[in-house]
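Trainee: pasting the structure only:
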DNA sequence: CACGCAATATTGTCGGACGATCCGGCCGCG
DNA sequence: CGCGGCCGGATCGTCCGACAATATTGCGTG
């Protein structure tokens, strides 16, 4: 790998930020493949440890190998799959230890998000969003039945953190959290399925929002930590088969 | 993107036993390209906003477009470049706001690392590593001259955090921090170049290690926060031209 | 049944091709 | 002379086919 000549592009830098008329059809994009694979992995179509064979995906997705390979690179740095030289890609398996490590960081990030939200709770717009979210959480809570799918809890959870992400006005913070969550999603989903205390999670979200709106930092921190750790415990309670 | 269920594919014949033309050594790996580009960006060979033209890189690196494209995907999710559809890749430019956002998360992560280190300071192995690091930092400090390159400060800084990363035994934590640092590297380097208080940074590292070894959580937190914020201030002090 | 070798499957990488898109510049018109 | 529209080159997105390198598998043999 020798650097020869510094490449020089004849193409200029962006000049006029032209308007962006909503262009309808955009040909298949690598992102589509990434999204599809991510979806499949989250849904369990591909289980941890399973190999993702280029050729098969090329056939089932109807795209070229190049697209699949680019998608692989992306998913790899997202932590969803791992690529071994000459052995290809496989859905990443994580160990209990990794779950703990990840959750630990997630807790710190979540605490920061909650704390920052308290800083902004006097902003009318922020307050409105929080109150609206609280409303929704309560409604969701009241409609709970024994038959609810764990999937819905994950959705509620995602919405909850999305709200905090938006309110926080720090895309980096939100992105880091999402990144961590992505790698845990599958296990979290499984965890939610087996735990019998799903409604406690929702209650926790209500309490957190209330504490935030009340500006009670100590209580908020406690609740957020408990919330994150509940998820951890649910995941760690899964049978050994779920881990590496 | 519809999934047809059509696995498996068949292809080509065996190989040709005849002699093979003088073949260059084992072709480089995609990672090599990624590393090279990352290096160039960090070194300023490619400056923020500059476009990375596939064709040019193919020529100067002597690899195929496919390799370059895969490398792009990786660098994109690393946050070093951005890819706009039909316009290609360019070195990501970040705004002052993004610096603040990133540093904010970095501070939280750094605090967690330091705090966890204190938890483990009684482990003889950990203690040894910390003391060794303290030794090195002091030695480095004493050899400082006015002519030192800002580059060396970055190296020292990297070493410092690497030690905490190792001691912490949480790869996720370390990786998140590294990720954030990667996107700021360029600016941090520039910032270190213009600040006149470089030695204060080193002093801070000494103090942090001492506080950690002494188990003083409060002091450690204060010092770590100050340390991170010093870097932030150095970056924000850069002229507008350095930002988006 | 263990072992090693050969057939087969897959990956890593290359090079070419083709249409789509973007952009700068030229051209004709008012 | 200013300006909008069209042309052509530069680049990107994607597909295809090829081939060596490596991994995996199956089988024949001792």
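Mentor: Perfect, I can see it now. Worth saying up front: this structure is predicted, and the values here are computed from it rather than measured.

Trainee: residue ranges of the helices in chain A, please?
Mentor: Here chain A has its helices, by DSSP state H, at A:30-43, A:54-61, A:65-78, A:96-119, A:124-142, A:150-168, A:171-194, A:198-214, A:217-236.

Trainee: residue B:43 is nearest to which of these?
Mentor: helix A:65-78 (21.6 Å; C-beta to C-beta). Yep, even glycine has a C-beta here, placed from its N, CA and C like the rest.

Trainee: check whether the closest one contacts chain B.
Mentor: Yes - for helix A:65-78, a contact with chain B is found by C-beta under 8 Å from any C-beta of the partner chain, at A:66, A:69-71, A:73-74, A:76-78.

Trainee: of those residues, closest to DNA strand D?
Mentor: residue A:66 (4.6 Å; C-beta to the nearest atom of the strand).

Trainee: what sits against the closest one?
Mentor: Taking C-beta atoms under 8 Å, 6 or more residues apart in numbering or on different chains, we find residue A:66 in contact with B:66, B:69.

Trainee: also residue A:113?
Mentor: Residue A:113 is in contact with A:161, A:164-165, A:168, A:173-174, A:177, counting by C-beta under 8 Å, 6+ apart.

Trainee: check the closest residue to it other than its chain neighbours and give its pLDDT.
Mentor: Distance criterion C-beta to C-beta, 6 or more residues apart in numbering or on different chains; nearest residue to residue A:113, sequence neighbours excluded, is residue A:164 at 4.8 Å. You'll see residue A:164 listed with a pLDDT of 96.

Trainee: what's the distance between the nearest residue to residue A:156 once chain neighbours are set aside and chain B?
Mentor: Leaving out its chain neighbours, the residue that sits closest to residue A:156 by C-beta to C-beta, 6+ apart is residue A:140, at 5.6 Å. Distance, residue A:140 to chain B, by C-beta to the nearest C-beta, to the nearest Å: 29 Å.

Trainee: now swap in residue A:187 and tell me
Mentor: Using C-beta to the nearest C-beta, we find residue A:187 at a distance of 14 Å from chain B.

Trainee: low pLDDT regions in chain A?
Mentor: Chain A contains residues with pLDDT under 70 at A:1-28, A:144-148.

Trainee: try 50 this time
Mentor: Judged against pLDDT under 50, the low-scoring parts of chain A cover residues A:1-27.

Trainee: in chain A, which residue sits nearest DNA strand D?
Mentor: residue A:64 (3.1 Å).

Trainee: looking at it, that residue is touching residue A:58, isn't it?
Mentor: Yes - at 6.7 Å, residue A:64 counts as touching residue A:58 under the criterion of C-beta atoms under 8 Å.

Trainee: more neighbours: which of those two?
Mentor: residue A:58 (18 against 11; other C-beta atoms under 10 Å in any protein chain shown).

Trainee: now do that one against chain B, distance only.
Mentor: Using C-beta to the nearest C-beta, residue A:58 is found at 7 Å from chain B.

Trainee: from memory that residue sits against residue A:71, does it?
Mentor: No - counting by C-beta under 8 Å, residue A:58 sits too far from residue A:71 to count as a contact (11.1 Å).

Trainee: one step back: by neighbours, which of the residues of helix A:65-78 next to chain B wins?
Mentor: Highest neighbour count within those: residue A:71, with 27 neighbours (other C-beta under 10 Å).

Trainee: that one touches residue A:30, doesn't it?
Mentor: Yes - with contact defined as C-beta under 8 Å, residue A:71 counts as touching residue A:30 (5.7 Å).

Trainee: where do the contact lists of the two overlap?
Mentor: Overlap of the contact sets of residue A:71 and residue A:30 (by C-beta under 8 Å, 6+ apart) consists of residue B:73.

Trainee: residues near residue A:31, how many?
Mentor: For residue A:31, using other C-beta under 10 Å, the count is 14.

Trainee: I meant to write residue A:216 there.
Mentor: 14.

Trainee: tell me the contacts of residue A:200?
Mentor: Contacts of residue A:200 by C-beta under 8 Å, 6+ apart are residue A:230.

Trainee: at 7 Å instead, please
Mentor: Contacts for residue A:200 (C-beta atoms under 7 Å, 6 or more residues apart in numbering or on different chains) come out as none.

Trainee: how much space separates it from residue B:120?
Mentor: Distance of residue A:200 to residue B:120, computed by C-beta to C-beta, to the nearest Å: 32 Å.

Trainee: want to throw the helices of chain A into TSV with distance to DNA strand C?
Mentor: What follows is these, written out as TSV (distance: least, C-beta to the nearest atom of the strand, whole Å):
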stretch	distance to DNA strand C
helix A:30-43	13
helix A:54-61	3
helix A:65-78	6
helix A:96-119	23
helix A:124-142	34
helix A:150-168	29
helix A:171-194	21
helix A:198-214	38
helix A:217-236	29
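
Trainee: for residue B:205, find the nearest of these.
Mentor: Nearest of the helices of chain A (C-beta to C-beta): helix A:96-119, 21.5 Å.

Trainee: hang on, the earlier thing: these two touch, right, the residue nearest to residue A:113 and residue A:115?
Mentor: No - look at residue A:164 against residue A:115 with C-beta atoms under 7 Å: they stay out of range, at 10.4 Å.

Trainee: the two - which one has more neighbours?
Mentor: Using other C-beta under 10 Å as the criterion, residue A:164 and residue A:115 rank with residue A:164 on top: 23 against 16.

Trainee: contacts only, for the more buried one.
Mentor: Counting by C-beta under 7 Å, 6+ apart, the residues that residue A:164 touches are A:113-114, A:117.

Trainee: same deal with residue A:81?
Mentor: Residues near residue A:81 by C-beta under 7 Å, 6+ apart: A:52, A:72, A:75, A:89-92.

Trainee: go on, residue A:52?
Mentor: Contacts for residue A:52 (C-beta under 7 Å, 6+ apart) come out as A:46, A:81, A:88-91.

Trainee: what's the closest of those to residue B:101?
Mentor: Looking across the contacts of residue A:52 and measuring by C-beta to C-beta, the closest to residue B:101 is residue A:81, at 28.1 Å.

Trainee: so what sits opposite that closest one in the bridge?
Mentor: Note on residue A:81: beta-bridge partners residue A:91, judged by DSSP bridges.

Trainee: what's near enough to touch residue A:212?
Mentor: Per C-beta under 7 Å, 6+ apart, neighbours of residue A:212: A:114, A:117-118, A:121, A:130, A:220.

Trainee: just the buried residues of the residues you listed.
Mentor: Those of the contacts of residue A:212 that meet the buried threshold are A:114, A:117-118, A:130, A:220, by 16 or more other C-beta atoms under 10 Å in any protein chain shown.

Trainee: ramachandran angles for residue A:48?
Mentor: phi -50, psi 130 (degrees, to the nearest 10).

Trainee: measure how buried it is and give me the count.
Mentor: 19.

Trainee: that one and residue A:95 touch, don't they?
Mentor: No - taking contacts as C-beta under 7 Å, residue A:48 lies outside contact range of residue A:95: 10.7 Å.
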